[in-house]
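> pasting the sequence and the predicted coordinates here, then a few questions.
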Amino acid sequence: MKKYGFLAAAFLVLVLAAGASAADKVWEKGTPTVFVGFGAGGGTDTAVRPLIALMEERLGETINVVNMPGAASAVAAEHVMGLAKDGYSMFSTGSGCFGGFLVTDTSKQGVPWNWWGFHHIQGPAALVVNPEKSGINTVEDAVKALNEGKASVGVSSLGAGIHAFVEAFARAAGVKEKINYVTSGGDGKTCVAVMAGEIEIGSISFSAGIDYVRAGQLKVLFLNRNDELKLSDTLAIPPITSLGAAYKDIPNLAETWPVMIPREAPKAIVDKLQEAFVWACQQPEMKEFAEKMGYQVITRYGEEADRVLDYQYAAYAWILYDSGLAETSPEKFSIPRPENWDWNKEKAKYGYK
Amino acid sequence: MSEQTQKPTSEAAGFRGSRLAGADFITGVLLILFGAAFLAGALNMRVYQRFLISPGFFPAILGVLFIFFGIFLACTSSRRGGCADALRILSPASLKKSFTSPVFKKGGVVFLLILGYVALLGVISFVYLSMAYLLLTFFFLKAARWYWIIPIAIAAPVIVQYVFTQIFRIPMP
Amino acid sequence: MEYFQHIFGMFAAMAKDPWIIALIFGGAVMGLLVGVIPGLTATMALALLINISYGMPLERAVAFLLAVYVGATSGGLCSAIMINIPGTPAAAATSLDGFPLAKKGMGGLALGTGFIASFIGTVFSILIMLTLTPVLYRLAMKFGHWEMFLLALFGIMICGSMSTDKDPIKGWIVGFLGFALSMVGMEEIYAFPRFTFGSLQLKGGIPLIATLIGVFGISEVLGVLQESVPYKIEGKIGRIIPPLGVFRSLLPSVLRSGVIGVIIGIIPGAGEDVGAWLAYDMGKRRSKDGDKFGTGVLEGVVCPEVANNAVIGGAMIPLLTLAVPGSPPAAMFLAAMNLHGVRPGPMLNIENPAFLPMVGAALMCASLAMLFWGLLLAKPMVGILKIKREILLPLVVPLTVIGAYGGGVRIFDVYLMLFAGVIGYVLRQMDYPLAPMVLGLILGPLADVSFRQALMQSRGRVMPLLERPIGLILLAAVAWLIWTGAVRARTYYRKMDAQTE
């Protein structure tokens, strides 16, 4: 009798364990997928993969990463929004891309308030030069060269955060001449073009150029952040706010690379995802990764994430329109100009009171 | 001439180019039309600052090139009787002949099977759909005896599904 | 000297860690299989396997990923030779001579030669990488937008010599058709939608992989199966490993293709596929048997296979020194390195001096593993040649569907593949070469964007562009291609007119 009792107990334990492990799983029915809106190996891909890897570790489940480039990630956004909102499909892109979705008529569904966002890191923009080749050594030199039409500015692509950054800087510095932009297809390529003397000034996401700066091959004029960045004992990079009062108003458009899940996804999945996200951001691996790449860990989610993203969304939409890249005015979608933006007015569409 | 509808005018036997004079002529005309449409589309694109750096510049060049190649093909092939050949190919009798040829029919069924397979992707699960497709195709082609066909058609999709999802972790339709 | 100690140290460390050896052999065979299946490429394999490598220590991850890379770059030659459907874009040139060889009953020899050529190409490029990296990376910096444009144009113009029956016009037409297809979608500079007719799917552009599988794969399936009696390959397996004399006599071709591969690898933006095509074209022009190219000569397999593998080592040079990847799979490798906290770039040699030797040693072992598996599997693979086409080709169809779908995860891509298959079928029926379509699709966007970027840089003036030395050389090369093509077209059409009269 004892033997059967033992067997019965063992069976019970097994059943309970099986039930518990199935209940423990975040995604019971299969493997979730994050659709990354840019190509494999690109900046967004590189930024978001460590987060997903750490979240996998925490949740003990596989998360597939699929690259779906096209139309500045609008293709991926529409794709995920077109799938069942059961929490199995997520989306990832650079925060600067959302502003273009409506005004360039690429994605109606991908607007920020349709997602919960988890932003792990942010990367400040930087203006870099190669003094040896271009003769530009200071911010004043740069402004002068731009005003005389003697300098072109390299950006990875038009309408991206770093493009917006140059426009904001030029306005603050009183540059009258229209800036001649050259696109390069990637921040790394912008750096190489500046080093080779092909382009005079480069506007990059700082992480892409940090090693050239350390190696002394590029010089950073300033960074888009509020405090000085000490790279080493001898090398400190000034923040844009140190340039003077005119530059105080340059908005924080530092790009983030969030993992987004449709707001209608089951709450249980979103909650577990959030827990794993917070855990991932606290890991030493994440800190180390961010430090090496020149990012800051920000652990931004919930209403705070919505607020910052909504501001960037408005700012980018207007910059795209003002620089002639978008034909439709943001006004048509009642997107306020950044200077008139007010979270208390905007938050209703996110469902906040 | 009736046998020649697929491969018109093979007077210069062994010389592959000339037998296609009619086809070349038709291609030439189509290229001119395509090029013109491409050019028109390109010229209607938005111009940013200068035309040379605008999105429409290369499509415009391509449109012009297609028109040029089209004229070239039409001219050279008409020297070889391409125009008359083309008319012959496009005549109802000849078209009927080629659409009812055994090669066309067989190819057509093979194509329709693939078309049906692709159209039903996402409606029926990949494994069952592939099994059905393989079974139908094998039977249509009389690829082998039924006791070979059925196990192959059933086993292949299962193996493929397993390998791709478990080993390569590739998303399946 | 210290540098070479590093390299030997790496080999010693690898020999000590059985895991590394296992991962290299496992990765190489996985890569080979990925390469064999139409539509699955090295880039895709790396993208999918990076997360697996995250949990590994750095040395193992590097060894594993590079083994997959080398394996997948070589694997494409199998399907190109055996079923005339290149497994990857990089192997498309290989099918031009590989498949005729198989039809002649020399499939085993073609496979063996292809794998050995791939091995030589990889090793050649590793040696260059290990010795000349500090000198050669400057070449990547010399290539501005204008030079990229001319290189792309040069690549498209060689379409003319890819035509099967000596009519360059047809090759050019198909090449420009591929170029035209690549114009569909949102362009890269202003995100302006071209020829999208309001469709969001088309805004994403025409995917290269789906088109490749359609043009080569589906059209082959249709073309062969419509015949009342599809072709059979009479089988005796014959020898796999070519006699030594073959490679001795092909030494100039091997060296030339190796150099082409390395240079194309160094230049950012052009990858394995471009290297293979250029080497094939140059082989055809320079070899004394050039006119036999396309009818099934071993040299036509050796040239592209040496070159596409030589791109690997070449692509590592700008990757490790400038953090600018020389080819798409190299970009994936860069992402993987970042994930592991290694930052390729100017600081690499200072912060992590052992890394370059480590990559060299891992690549060396990976190419050995690739050769081992390739030659081991060649015999059973030749067996596939003997399977009736009525069984084999329908089995290929589900694989093409997976390949087309897996690249972009869109059913739309599968529809496009079918459409491309119909176009490919029609072109094939009219004796047009198919290869230029893919080359046009690859190089079209590069030509378009680079040209406009070059003009943005020069503020719309053309004169400054003509003062660039490398640009001038490339410009002359393009002019030469157009001239020789035109001359060939003239003789061809004269001859044809004469025959008609």
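Structure's in. What do you need?
> in chain C, which ranges drop under the pLDDT threshold?
Within chain C, the stretches with pLDDT under 70 are C:1-3, C:163-166, C:234-237, C:407-408, C:501.
> for the stretch 1-150 of chain A, same thing?
Low-confidence segments of the stretch 1-150 of chain A (pLDDT under 70): A:1-24, A:40-41.
> ok, 90 please
Along the stretch 1-150 of chain A, the parts satisfying pLDDT under 90 run over A:1-33, A:36-47, A:49-50, A:53, A:56-88, A:94-97, A:99-110, A:122-125.
> okay, helices next: where are they in it?
Assigned by DSSP state H, counting those that start in this stretch, the stretch 1-150 of chain A shows helices spanning A:2-24, A:43-59, A:74-82, A:98-103, A:131-134, A:139-147.
> for the last one, buried residues please.
Just to be clear, that refers to helix A:139-147. For helix A:139-147, the buried set under the neighbour-count rule, 16 or more other C-beta atoms under 10 Å in any protein chain shown, comprises A:139, A:141, A:142, A:143, A:145, A:146. For the C-beta atoms, the positions are set from N, CA and C on the backbone; glycine is no exception.
> which strand or helix spans the residue nearest to the spatial centre of chain B?
Closest residue to the average C-alpha location of chain B: residue B:111 at 10.3 Å, with C-alpha atoms, centre = their mean. In the assignment (DSSP states H and E), residue B:111 maps to helix B:102-120.
> what does that helix rub up against?
Defining contact as C-beta atoms under 8 Å, 6 or more residues apart in numbering or on different chains, one finds that helix B:102-120 is touched by B:6, B:98, B:129-130, B:133, B:136-137, B:140-141, C:218, C:221-223, C:225-228, C:397, C:401, C:414-415, C:418, C:421-422.
> give me that answer again for 6 Å
With contact meaning C-beta atoms under 6 Å, 6 or more residues apart in numbering or on different chains, helix B:102-120 is reached by B:129, B:133, B:136, B:137, C:222, C:225, C:226, C:397, C:414, C:418.
> list the buried residues in it.
Across helix B:102-120, burial judged by 16+ other C-beta under 10 Å covers B:106, B:107, B:109, B:110, B:111, B:113, B:114, B:117, B:118.
> quick check, pLDDT for the third one.
By that I understand residue B:109. As predicted, residue B:109 sits at a pLDDT of 91.
> tally of neighbours for the residue of the stretch 201-350 of chain C found nearest chain B?
Of all residues in the stretch 201-350 of chain C, residue C:226 sits closest to chain B, at 3.0 Å by C-beta to the nearest C-beta. For residue C:226, the neighbour count with other C-beta atoms under 10 Å in any protein chain shown is 21.
> same check on residue A:89?
Number of residues near residue A:89 (other C-beta under 10 Å) recorded here: 20.
> repeat that for residue A:329.
Residue A:329, neighbours per other C-beta under 10 Å, totals 13.
> could you do residue C:13 as well?
Using other C-beta under 10 Å, residue C:13 has 14 other residues around it.
> next, it: phi, psi?
The phi/psi pair for residue C:13 (degrees, to the nearest 10) reads phi -60, psi -40.
> check residue C:188 too.
Dihedral angles for residue C:188 - degrees, to the nearest 10 - are phi -80, psi -20.
> before we move on, the earlier item: nearest to chain B among the buried residues of helix A:139-147?
For these, the minimum distance to chain B (C-beta to the nearest C-beta) is 16.9 Å, reached by residue A:146.
> not counting sequence-adjacent ones, nearest residue to the residue lying farthest from the centre of chain B?
Most distant from the centre of chain B: residue B:49, at 39.4 Å, with distances by C-alpha atoms, centre = their mean. Once flanking residues are discounted, residue B:49 sits nearest to residue C:460: 7.7 Å by C-beta to C-beta, 6 or more residues apart in numbering or on different chains.
> since that was my last question, I'll sign off now.
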